[in-house]
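**Student:** next one to model:
(2 chains)
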Amino acid sequence: MSGIVCAIRGGASSQPTIDQAIRTAVATDLPVYFLYVLNLDFLKKGSQSRTQTISAEMRELGEFILLAAQAQAEQQGVSAQGIIREGDVVGDEIIGLCHELTADYVILGRPKGAKQENVFTHEQLDRFGRHIEEETGASVVYPLGDNS
Amino acid sequence: MKRYGKLLFVLLILAAWPWVLREDVQAEGADVQTQGTAVSISPLLTGYIRDAQAQPVLDAHVTAYAENTVLAEAVSQEDGRYTLLVTANTPTPTEITIHVERHHFQAADYVIKDSDLEHLQQSHLLQIPIITLERHITPGFWIATFVFMGMLALIALGKLHNTLAALLGASLIFAVSYLGTPLYDGLYIFHFEDALRYIDWNVIFLIMGMMIVIAVVERTGVFQWAAYMAYRLSGGRAWLLVVILMIVTGIASAFLDNVTTMLLMTPVTIRIALSLGINPLALLMPEVMASNVVGISTLVGTPTNILIGSYGGIGFNDFLTNLTPGVMLALVGLILYSLFVYRHDLRPAETGAGISEVLLQRLAERGRITEPDHLKKAGVVGAGMIVLFVWGERVHLLPSVTAVMGATTLLLWIKPDIEEMIEAVDWTTLVFFMTLFISVGAVQEVGLISYIASGIGRLVGTNLTLAMLAVIWLSAILSTMIANIPFTAAMLPVIGFLSGNIPGAESKVLFYCLSVGSAMGGNGSLIGASANMVTAGIAERAGSSITYMYFLRKGFPALVVTVTLATIWLFIHF
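**Tutor:** Have a look, this model is predicted:
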């Protein structure tokens, strides 16, 4: 199995990443695997008792976001799948999926304005990109204008 | 016959017993009166202890003594009353001193002599004038104050989980009281037994009962269905969708807690926004603001209302009559404001450019009630609870009892996995409330609240209008910076004091002002309400960031609009 791994969160800030994944897929004729990482750490400061219900709701939201990305890809003739993983660290989930799929490419975008601890800064993104390449052998591609 | 005879004998003995006892008492009294050197006065002295704000002082140690001989000792009760029963035999005193001592107050003496003493000897009873205790600032005062402020800061800055911050506060207070006092008496704050008195169990059980009911309702899919129906009803018109979603969220928040409402409404709202191709924040921000505003229309809508209702003796009906119309007025203002502020963001949907059929189809598939049977039963029980909330006041049925009865009925009826249901109760929140009550109790005990109350009292004097404005706007502004639950809990004794001292405030209008200010103030900033944080947390995970500044820009004007309208209502109504 091979393909392109593209982690997204939805919203306008993920659009360049999705576009880049589609462009790469068109160029390489590989399928795209959109990844949504379900992270419920915001509940830690609130009501943990709601975790079960909220987890299901967030999973549904993640599927929805993936569906929107898949629809875009399929409109341009690209084969796309959506994958949801649960975890606190997005990076770990990306590496894990790359290993599973023996991915050829990883599209790494950094959502603008994100201030979460688990989201990359530009410097971390560069470092993480090199780390992925060393760990998985996949080539890291950055969306145009995001990290050039 | 013999058996009936024995029974008659027993009954006669029982009937005669009070007279036998009375004879004994009279005989003892006669001894006291006839002994030449014994106290020849009636042994009953009674009176009240108040603080400088005329509030009753509980647990004051009162001693009556004459010529270095202790005649009697007592402890003041909740209403500040004490009763001294003089039992010691002493030579007839020329004066009796009533000495009052209590931690965190200066000791006070009252001397009974001359005519009072004569009156005491003649009437066997003396009502002592109210003894007022002045506050005494000890190192314990400063420690309790710093601990409380530190706890608020930790919560506001998000450095510790709310519950852990409150638990830390309570633990520090106990540590200082128990470990510090043997070294230096001034470090005393209060004991564990005293602290328990400050926990409002009515609040704890009401929240617990409602949590169980909510846990059942949230799993039925009713929120998802309601949000989808909002979309259907709007016919794709974004402005109408905003209005309907605000009303739906508001109604849900009036009966369920705002955090749960937003936890469940936010994901489905984002899905609708994605389907329509509009900015999710154009729907989410009006929703969360509506939740904060309309939540206070009922007693059970927000934890702050539950606190206010329990402390101020304000029932479900009172909130409906005195606050709900004002809240509706504020909601209308908020709707108009939201439509104006987000007019540009709502346009893509108007043109239909961004609508995704694939996503809409998915939305329709998931927008259904998943457990109709449970929802039906929850509806019946919920309706019964509302009836009891409304009518129960006539028989002094506490809201907490209604909530627990409702929750139990629902559990018996639907027979869910009980472990799962008990887990659905947010115990961390309940512990937060208990430890918060203890921390607030500590600053109440050492006198900080009294000083704040006196300060506000001096500022507003006896002017009710000024007091209303001060309470509403101060609490609204402060609620944008500090968590409104600890703020409200700390303000309640202050409001209680002002209500008792400002003419016209006995209508409890200041409690409603606090409710409006602390809840609607939550719209002023991202950290102003837990529901804001939860909404931002979920939105962030869907790629729509709500930053502190973004919330401030959109939320603060909403605060001004809604609080102004609610203020106008309170002035008209009261």
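**Student:** ok and the residue in chain B nearest chain A?
**Tutor:** Evaluated by CB to the nearest CB, chain B has B:Gly543 as its residue closest to chain A, separated by 2.3 Å. Backbone N, C-alpha and C define where each C-beta goes, glycine included.
**Student:** list the contacts of that residue.
**Tutor:** If you count contacts by CB atoms under 8 Å, 6 or more residues apart in numbering or on different chains, B:Gly543 has them with A:8-14, A:65, A:111.
**Student:** give me the subset of those lying in helices.
**Tutor:** A:Ile65 (DSSP state H).
**Student:** so which of the contacts of B:Gly543 are also by chain B?
**Tutor:** Among the contacts of B:Gly543, the ones lying near chain B by CB under 8 Å from any CB of the partner chain are A:8-14, A:65, A:111.
**Student:** are any of those residues buried, and if so which?
**Tutor:** Among the ones next to chain B among the contacts of B:Gly543, those classed as buried by neighbour count (16 or more other CB atoms under 10 Å in any protein chain shown) are A:8-11, A:13-14, A:65, A:111.
**Student:** could you pull out the helices for the stretch 301-450 of chain B?
**Tutor:** B:303-312, B:316-322, B:324-341, B:347-351, B:357-366, B:372-391, B:399-414, B:418-424, B:427-446, B:448-460 (DSSP state H, counting those that start in this stretch).
**Student:** I should have written chain A there, sorry.
**Tutor:** According to DSSP H, the helices that chain A contains are A:15-28, A:51-75, A:90-101, A:122-136.
**Student:** what residues of the shortest one count as buried?
**Tutor:** Spelled out, it's helix A:90-101. For helix A:90-101, by 16+ other CB under 10 Å, it's A:90-91, A:93-95, A:97-98, A:101.
**Student:** list the helices and strands the helix or strand containing B:Ile214 packs on?
**Tutor:** Element membership for B:Ile214 (DSSP states H and E) is helix B:201-218. Counting contacts by 3 or more CB pairs under 8 Å, 6 or more residues apart in numbering or on different chains; DSSP states H and E, helix B:201-218 packs against helix B:258-276, helix B:303-312, helix B:372-391, helix B:399-414, helix B:418-424, helix B:427-446.
**Student:** quick one: closest of the ones you listed to B:His99.
**Tutor:** Of all the helices and strands packed on helix B:201-218, it is helix B:427-446 that lies closest to B:His99, at 21.2 Å by CB to CB.
**Student:** what's the angle between that closest one and helix B:258-276?
**Tutor:** 130 degrees (axes from the mean of the first three to the mean of the last three CA atoms, to 10 degrees).
**Student:** contact residues of the stretch 401-550 of chain B facing chain A?
**Tutor:** B:420, B:423-429, B:530, B:533-534, B:537-538, B:540-545, B:547.
**Student:** swap the cut-off to 10 Å and go again
**Tutor:** Residues of the stretch 401-550 of chain B lying close to chain A (CB under 10 Å from any CB of the partner chain) are B:420, B:422-429, B:530-531, B:533-534, B:536-545, B:547-548, B:550.
**Student:** and for the stretch 201-350 of chain B?
**Tutor:** Residues of the stretch 201-350 of chain B found near chain A (CB under 10 Å from any CB) are B:211, B:214-215, B:218-219, B:223-224, B:257, B:259-260, B:263-275, B:277, B:279-281.
**Student:** out of those, which are buried?
**Tutor:** Among these, those classed as buried by 16+ other CB under 10 Å are B:211, B:214-215, B:218-219, B:223-224, B:257, B:259-260, B:263-275, B:277, B:279-281.
**Student:** contact partners for the closest residue to B:Thr94 other than its chain neighbours?
**Tutor:** Computed as CB to CB, 6 or more residues apart in numbering or on different chains, the closest residue to B:Thr94 that is not its neighbour in sequence is B:Lys113, at 6.7 Å. By CB atoms under 10 Å, 6 or more residues apart in numbering or on different chains, the residues touching B:Lys113 are B:93-97.
**Student:** now for those, which pair is the farthest apart?
**Tutor:** Farthest apart among the contacts of B:Lys113 by CB to CB are B:Thr94 and B:Thr97. That separation is 11.1 Å.
**Student:** once you drop chain neighbours, what's closest to the residue of chain A at minimum distance from chain B?
**Tutor:** Chain B sits closest to A:Gly11 of chain A, with a gap of 2.3 Å, by CB to the nearest CB. Once flanking residues are discounted, A:Gly11 sits nearest to B:Gly543: 2.3 Å by CB to CB, 6+ apart.
**Student:** got it, and B:Met229?
**Tutor:** B:Gly367 (7.3 Å).
**Student:** now do the same contact list for that neighbour.
**Tutor:** B:221, B:223-232, B:268, B:271-272.
**Student:** and for residue 53, the neighbour number?
**Tutor:** This is for chain A. 18 (other CB atoms under 10 Å in any protein chain shown).
**Student:** hmm, I had chain B in mind actually
**Tutor:** B:Gln53, neighbours per other CB under 10 Å, totals 21.
**Student:** I figured it hits B:Ser454, correct?
**Tutor:** Yes. Between B:Gln53 and B:Ser454 a contact is recorded at 6.2 Å, counting by CB atoms under 10 Å.
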